[in-house]
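**Student:** Turn this into a structure:
(chains A and B)
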Amino acid sequence: EAQVTQNPRYLITVTGKKLTVTCSQNMNHEYMSWYRQDPGLGLRQIYYSMNVEVTDKGDVPEGYKVSRKEKRNFPLILESPSPNQTSLYFCASSFQGRDTGELFFGEGSRLTVL
Amino acid sequence: SQKIEQNSEALNIQEGKTATLTCNYTNYSPAYLQWYRQDPGRGPVFLLLIRENEKEKRKERLKVTFDTTLKQSLFHITASQPADSATYLCALDPRGTGGGNKLTFGTGTQLKVEL
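**Tutor:** Numbers count the residues shown, from 1 in each chain, chains lettered A, B, ... in the order given. Okay, here's the model as predicted:
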């Protein structure tokens, strides 16, 4: 089954404790992206990757890091989480260069930073 | 500045009626526009794409229109059912390059279909 898998789905942590949210896709997509979703603000792009070892900032990259060492994986790293990073996070992927750019989303990771 | 606007107020309609959702945008020249459905606590799911040179696109009970002069897209669900209740998001690819990079989303409109 084609899917984007995120882990953990739920996480409560404390300020300053480094964490990683993993994302993996099995569709051989070149493009992967991270979004955060907050009430009233919608989905905002954090980082994206056009292919292995190619990453770029989205609209709200501050406080986040990413890496793309393998095509299927695109982890989101919060080096020193703060309460304003409490949010619902989505990983998404798509084929690069196709006409539609249809994004396939993961089920989301709800993060609470105390 | 660039902006995508969807009605933040929930749309309540009766089963069997046609639901019409609006997506307005400013300071974009998108090559295409996409619509997604999102259920509570779940990831968005792609529904339809319409290109700038297309006036209308249909898929089963769904219809999307795209007016680049008005800078507006309308999303219609005919013969609506309670199972259609969800939040619907529009998204633009402002650079028209495809592949999903820099796809910008509206905040979504919640649709509730009542019996």
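**Student:** Need the pLDDT of whatever residue of chain A ends up closest to chain B.
**Tutor:** Relative to chain B, the nearest point of chain A is residue A:105 (3.2 Å; CB to the nearest CB). Using the backbone N, CA and C atoms, a C-beta is placed for each residue, glycine as well. Listed pLDDT for residue A:105 reads 97.
**Student:** OK, contacts around the closest residue to it other than its chain neighbours?
**Tutor:** Distances taken as CB to CB, 6 or more residues apart in numbering or on different chains place residue B:43 nearest to residue A:105, at 3.2 Å, with adjacent residues excluded. The contact partners of residue B:43, by CB atoms under 8 Å, 6 or more residues apart in numbering or on different chains, come to A:4, A:90, A:92, A:105-108.
**Student:** go on, residue A:42?
**Tutor:** Residues touching residue A:42, when contacts are defined by CB under 8 Å, 6+ apart, comprise B:89, B:105-108.
**Student:** ok, now with 7 Å
**Tutor:** B:105-108 (CB atoms under 7 Å, 6 or more residues apart in numbering or on different chains).
**Student:** same question, residue A:65
**Tutor:** Taking CB under 7 Å, 6+ apart as the criterion, residue A:65 is in contact with A:77, A:79.
**Student:** Please tell me how far residue A:52 sits from residue A:93.
**Tutor:** As defined by CB to CB, to the nearest Å, residue A:52 lies at a distance of 13 Å from residue A:93.
**Student:** from the contacts of residue B:43, which would you call buried?
**Tutor:** Of all these considered here, the ones buried according to neighbour count by 16 or more other CB atoms under 10 Å in any protein chain shown are A:4, A:90, A:92, A:105-106, A:108.
**Student:** which one of those residues sits closest to residue B:25?
**Tutor:** Proximity to residue B:25 was ranked across the buried ones among the contacts of residue B:43 by CB to CB; first place goes to residue A:92, at 20.5 Å.
**Student:** my read: that closest one touches residue A:103, true?
**Tutor:** Yes: with contact taken as CB atoms under 7 Å, residue A:92 and residue A:103 are classed as touching, separated by 4.3 Å.
**Student:** List the strands paired with the longest strand along chain A, with their directions.
**Tutor:** When secondary structure is assigned using DSSP state E, the longest strand within chain A turns out to be strand A:42-51. In the sheet containing strand A:42-51, its partner strands are strand A:31-38 (antiparallel), strand A:54-57 (antiparallel), by DSSP bridges.
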